[in-house]
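Peer 1: sequence-free structure coming up:
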């Protein structure tokens, strides 16, 4: 007895769609809102003994106040490298070094910058929606090929298309909810 190709393909398609959703969540947390959040530094890479590593791998990052991040490197000798990486990042912040602790005050976002960030969130969400739709299209194309070679019936193809569309709709809905939530955070003063 052979395995059902539609079930395997449905699982694979669901994994691809979930990967797009997870990537959107990661990207969303990296976009700076008005509040300090240690995940803002997830994309900041520091040169550490010849390798590029995320700040959070070589330091503790805390948010003791709504507009302040405190970074304490595990190895105090890496403090200058962390400071340099923060200055070179796209966060637009100026780190303050006090002994082996780096304070990162986050400026208040202007209305114009908030609007720019909302546009960026919309753009990134749309990219992820396209990824989800591409996964749907690829899966349906694959099943159509099976139907043409008579490995599955027309009814099986139709049922599969319905299942993939349900998956697509659910993931698109989650992406839109994520976008709305991030938009609210950005526009909150």
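Peer 2: Arrived safely, thanks for sending. Since we're looking at a predicted model, the values are computed, not measured.
Peer 1: rest of the way, CA atoms for contacts and neighbours
Peer 2: OK.
Peer 1: can I assume residue 150 sits in a strand?
Peer 2: No. Under DSSP: H, G, I helix; E, B strand; the rest coil, residue 150 sits outside any strand and is assigned coil.
Peer 1: need phi/psi at it.
Peer 2: Reported as degrees, to the nearest 10, the phi and psi values for residue 150 are phi 60, psi 30.
Peer 1: separation between it and residue 7?
Peer 2: Counting by C-alpha to C-alpha, to the nearest Å, the gap between residue 150 and residue 7 amounts to 17 Å.
Peer 1: try residue 79
Peer 2: Residue 79 is 52 Å from residue 7, by C-alpha to C-alpha.
Peer 1: who's more crowded, these two?
Peer 2: Comparing residue 79 with residue 7 by neighbour count (other C-alpha atoms under 10 Å), the higher total belongs to residue 79, at 22 against 11.
Peer 1: the more buried one sits in which helix or strand?
Peer 2: helix 79-88 (DSSP states H and E).
Peer 1: same question for that helix: list its buried residues.
Peer 2: Within helix 79-88, the residues scored as buried using 16 or more other C-alpha atoms under 10 Å are 79, 82, 83, 85, 86.
Peer 1: could you do stretch 179-189 as well?
Peer 2: Within stretch 179-189, the residues scored as buried using 16+ other C-alpha under 10 Å are 179, 182, 183, 185, 186.
Peer 1: just the ones of these in strands?
Peer 2: Secondary structure from DSSP state E places none of the buried residues of stretch 179-189 in strands.
Peer 1: export these to a markdown table and tack on distance to residue 100 and pLDDT?
Peer 2: Shown next, in a markdown table, are the buried residues of stretch 179-189 (distance: C-alpha to C-alpha, whole Å; pLDDT from 0 to 100):
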| residue | distance to residue 100 | pLDDT |
| --- | --- | --- |
| 179 | 37 | 93 |
| 182 | 33 | 89 |
| 183 | 36 | 89 |
| 185 | 32 | 82 |
| 186 | 32 | 81 |
